[in-house]
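Visitor: Provided below for reference: sequence and predicted model.
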Amino acid sequence: MVRLYSLLLFSLSLLTSSAQEGLFDLLDEGPEPTQYTYATFKGSKLLNGQTNETPGKGVLQYIISHRFGSFTDEYLYNFFGLDNAHIRMQLDYGISDRLNIGIGRSSVLKTSDAFVKYRALRQSTGETAFPFSLTLYSSLNYRGARYTDGIAHNASDRLSYHHQAVLARKMNQNLSLIAAPSIVHWNLVPSPEDPNDTYHLMLGGRYKLTKRIALTGEYAFSSNHLYGTGATEERFYSPLSIGVDIETGGHVFQFHLSNTRAMSDPLWMARNPYNAANGSLFLGFNISRVFNVNQ
């Protein structure tokens, strides 16, 4: 009888010890650690517009962009638009993993620009889950081309600004989406009745076809499409672009078709004179190359 009691007590102690260890294991596990979403998009630019991505800390990025001539502008005579090509060059640097600054130069109206980009919020799962990324972007643009209206212009007349909040979400491994509300400000407008500030909403996305190839697209709604009055009236159209991203190691090659020719932010978004419905379409591409200057 004593042996039976001893055996029961021994078995009970083992069960109690096992239960305590299981409880402590559960307590030790704690909440799931925070995991940040990465590679929502492969490049810092979608087509014309910005993505939520920035180069990493200490990374120098160079982007060269081309837009060929319109299909409606003697396309074959101009060697498939190559004779009428425009170019933009950009150089930017990652101050940190979240802060990016850069400069650019476009041949359309000889526009120079400087910009800053900051990843304010990042999509994540786990203990501090957040459903989307928020990246803030601002650019200062300077028109270098001469005015032909015979009026003496101040340097401030040549300035325009673009401010944007890029909301991005990686829906799954293949699909990523963007909604980016924007404000464009012009110091100089054609007439007193024209707004100095226009408001825009860019929608865009990427769908991966393979590990290195993806379809992309973007469209921007605008609050104003007319400038000037009478003989000086100008009509502008919403920018629309579709393209293909190809990643090749340190390069991202973006080939696209768009109704925009300018590549500086205020011009392509707010003052695009080309109507896709009339066949005013341009082939173009962006090529980005990154260099880790900290190594």
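Guide: Sure thing, it's come through. Just so we're clear, the structure is a prediction, and the values are computed from it rather than from any experiment.
Visitor: Okay, now the unreliable bits of the protein?
Guide: Residues of the chain that meet the criterion pLDDT under 70 lie in 1-30, 295.
Visitor: Whatever helix or strand residue 215 lives in pairs with which strands, and in what direction?
Guide: If you go by DSSP states H and E, residue 215 is part of strand 213-222. In the sheet, strand 213-222 lines up against strand 197-208 (antiparallel), strand 240-248 (antiparallel) (DSSP bridges).
Visitor: Can you check which of these gets nearest to residue 79?
Guide: Closest approach to residue 79 among these (C-beta to C-beta): strand 240-248, 21.6 Å. Yep, even glycine has a C-beta here, placed from its N, CA and C like the rest.
Visitor: contacts for the closest one?
Guide: Strand 240-248 has contacts (C-beta atoms under 8 Å, 6 or more residues apart in numbering) with 42-43, 47-48, 206, 212-219, 252-260, 276.
Visitor: Show me how to select, in PyMOL, the buried members of those.
Guide: Buried members of these, defined by 16 or more other C-beta atoms under 10 Å, are picked up in PyMOL with:
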select buried, resi 42+43+47+48+206+214+216+217+218+252+253+254+256+257+258+259+260+276
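Visitor: can you give me the helices for the stretch 1-150 of the chain?
Guide: For the stretch 1-150 of the chain, helices defined by DSSP state H, counting those that start in this stretch occupy the ranges 2-29.
Visitor: thinking again about what came up before, now the strands paired with strand 213-222 in a markdown table, with distance to residue 147?
Guide: Shown next, in a markdown table, are the strands paired with strand 213-222 (distance: least, C-beta to C-beta, whole Å):
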| stretch | distance to residue 147 |
| --- | --- |
| strand 197-208 | 21 |
| strand 240-248 | 29 |
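Visitor: Which of those sits closest to residue 284?
Guide: Smallest distance to residue 284 across the strands paired with strand 213-222 (C-beta to C-beta): 8.4 Å, for strand 240-248.
Visitor: Give the buried residues for that closest one.
Guide: Going by neighbour count (16+ other C-beta under 10 Å), the buried part of strand 240-248 is 240-241, 243, 245-247.
Visitor: do the same with stretch 140-152
Guide: 141-143.
Visitor: okay, how far is it across that stretch, tip to tip?
Guide: 22 Å (C-alpha to C-alpha, to the nearest Å).
Visitor: what's the closest non-adjacent residue to residue 279?
Guide: residue 72 (4.8 Å; C-beta to C-beta, 6 or more residues apart in numbering).
Visitor: can you list contacts of stretch 86-105?
Guide: Residues contacting stretch 86-105 (C-beta under 8 Å, 6+ apart): 44, 54-67, 106-108, 111-120, 261-264, 293.
Visitor: Now go through those residues and say which are in strands.
Guide: Among the contacts of stretch 86-105, DSSP state E puts 59-67, 106, 111-120 in strands.
Visitor: so residue 52 makes contact with residue 178?
Guide: Yes. Between residue 52 and residue 178 there is a contact under C-beta atoms under 8 Å: 7.3 Å.
Visitor: Neighbour count for the two, which is higher?
Guide: When residue 52 and residue 178 are compared for neighbours, residue 52 comes out ahead with 29 against 25, by other C-beta atoms under 10 Å.
Visitor: what about the strand holding residue 215, distance to the chain center?
Guide: 10 Å (C-alpha atoms, centre = their mean, to the nearest Å).
Visitor: could I have that strand exported to CSV, CA atoms only?
Guide: C-alpha atoms of strand 213-222 as CSV (Å, rounded to 0.1, in the frame of the first residue of the first chain):
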residue,chain,number,x,y,z
ILE,A,213,9.5,41.0,-63.9
ALA,A,214,6.4,43.0,-62.9
LEU,A,215,3.6,45.0,-64.6
THR,A,216,3.1,48.6,-63.4
GLY,A,217,0.7,51.4,-63.9
GLU,A,218,-0.3,54.8,-62.6
TYR,A,219,-3.0,57.5,-63.2
ALA,A,220,-3.3,60.9,-61.6
PHE,A,221,-6.6,62.9,-61.1
SER,A,222,-6.3,66.7,-61.2
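Visitor: For burial, what's the neighbour tally of residue 172?
Guide: Neighbours around residue 172, by other C-beta under 10 Å: 7.
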